[in-house]
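Q: Next input, structure requested:
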Amino acid sequence: MTGHRKLTQAELIAEAKKLFGDDPKTYAFKCPNCGDIASIQGFIDAGADPARAGQECIGRSLGALTKPNLTNTRGCDWVAYGLFRGPWEIVLPAEGEQPEHSAWSFALAGAVSE
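A: You can find the predicted model right below:
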């Protein structure tokens with residue numbers, strides 16, 4: 001599992017663009033539990049909520065919760081916001097009435113501190 005890394009939302013986006021280009025659908029995250037790598041487009045292709053990319057292993061959307069014994073299901077049921085937080089802490093800017101706050105995330109696939 002990777003170590004803790006704290007970065008702003010802008011820093012995350014800048015690093016993702018450096019690794020994957022300008023199309024956010026190509027941004028890919030690595031599950032710290034099982035090592036599965038899933039892009040935002042992968043979540044879309046699976047019929048899953050693309051907003052879950054980076055915070056949930058794609059296995060949750062592919063049946064890991066309802067069919068945990070299937071061997072053809074990729075990924076696992078791990079989430080970055082559960083009992084064990086994700087390795088990356090993303091600081092989200094204040095918006096309207098909501099103050100600056102953190103969200104936990106998987107590391108970008110291929111990142112130096114992955």
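Q: so how far is stretch 29-46 from its chain's centroid?
A: Averaging C-alpha positions (CA atoms, centre = their mean, to the nearest Å) puts stretch 29-46 7 Å from its chain's average.
Q: right, and residue 48 touches residue 58 too?
A: Yes. Contact between residue 48 and residue 58 holds when scored by CB atoms under 8 Å: they sit 7.0 Å apart. All C-beta atoms are positioned from the backbone trio N, CA, C, and that covers glycine.
Q: for this protein, which spans come out with low pLDDT?
A: Applying pLDDT under 70 to the chain picks out residues 1-2, 67-73, 112-114.
Q: middle-most residue in it, spatially?
A: Geometric centre of the chain, nearest residue: residue 54, 1.0 Å, by CA atoms, centre = their mean.
Q: What values do phi and psi take at that one?
A: Summarising the backbone geometry of residue 54 under the convention degrees, to the nearest 10, its torsions are phi 90, psi -20.
Q: Which strand residues bridge the residue nearest to it when sequence neighbours are not counted?
A: On the basis of CB to CB, 6 or more residues apart in numbering, the spatially nearest residue to residue 54 that is not a chain neighbour turns out to be residue 29, at 4.2 Å. Taking DSSP bridges as the rule, residue 29 bridges to residue 38, residue 108.
Q: do you know how far residue 29 is from residue 94?
A: To residue 94, residue 29 is 25 Å away according to CB to CB, to the nearest Å.
Q: Can you classify residue 59 by secondary structure?
A: Of the three states, residue 59 takes helix under DSSP: H, G, I helix; E, B strand; the rest coil.
Q: follow-up on the earlier one: give me the more crowded residue out of residue 48 and residue 58.
A: A direct count of neighbours by other CB atoms under 10 Å for residue 48 and residue 58 places residue 58 higher, at 25 against 18.
Q: With residue 66 as the reference, measure out to that one.
A: In terms of CB to CB, residue 58 sits 14 Å off from residue 66.
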